[in-house]
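K.L.:
Need a 3D model of the sequence below.
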Amino acid sequence: MSANKWLPSLRTKTPEEGFDLAIKLSQKGVEITQPDEAIRKKLRPKYSRNADSLISVSQVIAINFQTVAAANNYWHDTVRINRK
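P.N.:
Take a look at the predicted model:
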């Protein structure tokens, strides 16, 4: 694993920043799992056209977003929900 600190916190200001962080977490997981960039680039055309692979990627991002949302108390302190 990398010695440099790339993830200082799961806290974000907005849900949008949280979603961006969830994507970054997902990408980092792939980098750590397969550290060889050449191999990742070689495999990308195959999985980028596979519906099952794309659904799996979306699931990983969603799980990471759940984690980030929980770490931010679902932004209850910063997001106002309009109720009628």
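K.L.:
residues in contact with Asp20?
P.N.:
Residues in contact with Asp20 (C-beta atoms under 8 Å, 6 or more residues apart in numbering) are Thr12. Bear in mind the C-beta positions are built from the backbone N, C-alpha and C, glycine included.
K.L.:
Gly18: how many residues sit nearby?
P.N.:
22 (other C-beta atoms under 10 Å).
K.L.:
other SSEs contacting the longest helix along the chain?
P.N.:
Counting by DSSP state H, the longest helix found in the chain is helix 51-71. With contacts taken as 3 or more C-beta pairs under 8 Å, 6 or more residues apart in numbering; DSSP states H and E, helix 51-71 sits against helix 15-33, helix 37-47.
K.L.:
a markdown table for those, including distance to Gln66 and mean pLDDT?
P.N.:
Formatted as a markdown table, the helices and strands packed on helix 51-71 follow (distance: least, C-beta to C-beta, whole Å; pLDDT from 0 to 100):
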| stretch | distance to Gln66 | mean pLDDT |
| --- | --- | --- |
| helix 15-33 | 8 | 97 |
| helix 37-47 | 23 | 96 |
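K.L.:
Would you tell me which one of these is buried the most?
P.N.:
helix 15-33 (a mean of 15; mean count of other C-beta atoms under 10 Å).
K.L.:
on that earlier part again, the helices and strands packed on helix 51-71: which one's closest to Gln59?
P.N.:
helix 15-33 (9.8 Å; C-beta to C-beta).
K.L.:
that older thread, can you name the residues in contact with the longest helix of the chain?
P.N.:
10-12, 15, 18-19, 21-23, 25-26, 29, 47-48, 75.
K.L.:
mind putting the helices and strands packed on helix 51-71 in CSV, distance to Val57 included?
P.N.:
What follows is the helices and strands packed on helix 51-71, written out as CSV (distance: least, C-beta to C-beta, whole Å):
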stretch, distance to Val57
helix 15-33, 7
helix 37-47, 8
